[in-house]
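> Need coordinates for the below:
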Amino acid sequence: MQTVTVSPKFQVVIPKSVREQLHIKAGQKMMAMPYGEHIQLVPVKPIKEMRGFLKGENLDMTQIRDKSDRI
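Okay, here's the model as predicted:
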């Protein structure tokens, strides 16, 4: 685990090893979300890159709602 320092402008630098591991590029958008006492930085991926990411998954849509909930 690596530590970062918050600058006077509230900026942080993501360590190189983390950027390389997650393939983060300069200019890439990130979502900053509070998570309890932590901050989560989640890379925003383009929709085209997400196409087909569920291919091959065995999704059982019948488990989402009970049949009695359906109209």
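> mind showing which ranges of the chain have poor pLDDT?
By pLDDT under 70, the weakly predicted segments of the chain are 50, 53, 56-71.
> okay, which residue is most central for it?
Centroid check for the chain by CA atoms, centre = their mean gives Val42 as the closest residue, at 3.3 Å.
> May I ask you to name the longest helix in this structure?
Taking DSSP state H as the criterion, the chain has its longest helix at helix 16-22.
> who's in contact with the helix or strand following it?
Per DSSP states H and E, the first helix or strand lying C-terminal to helix 16-22 is strand 30-35. Applying CB atoms under 8 Å, 6 or more residues apart in numbering, the external contacts of strand 30-35 come out as Ile24, Ile39, Gln40, Leu41, Val42, Pro43, Val44. For the C-beta atoms, the positions are set from N, CA and C on the backbone; glycine is no exception.
> Could you rerun that using 10 Å?
Strand 30-35 is contacted from outside by Ile14, Ile24, Ile39, Gln40, Leu41, Val42, Pro43, Val44, using CB atoms under 10 Å, 6 or more residues apart in numbering.
> ok, and the most crowded of those residues?
Neighbour counts for the contacts of strand 30-35 (other CB atoms under 10 Å) peak at Ile24, which has 15 neighbours.
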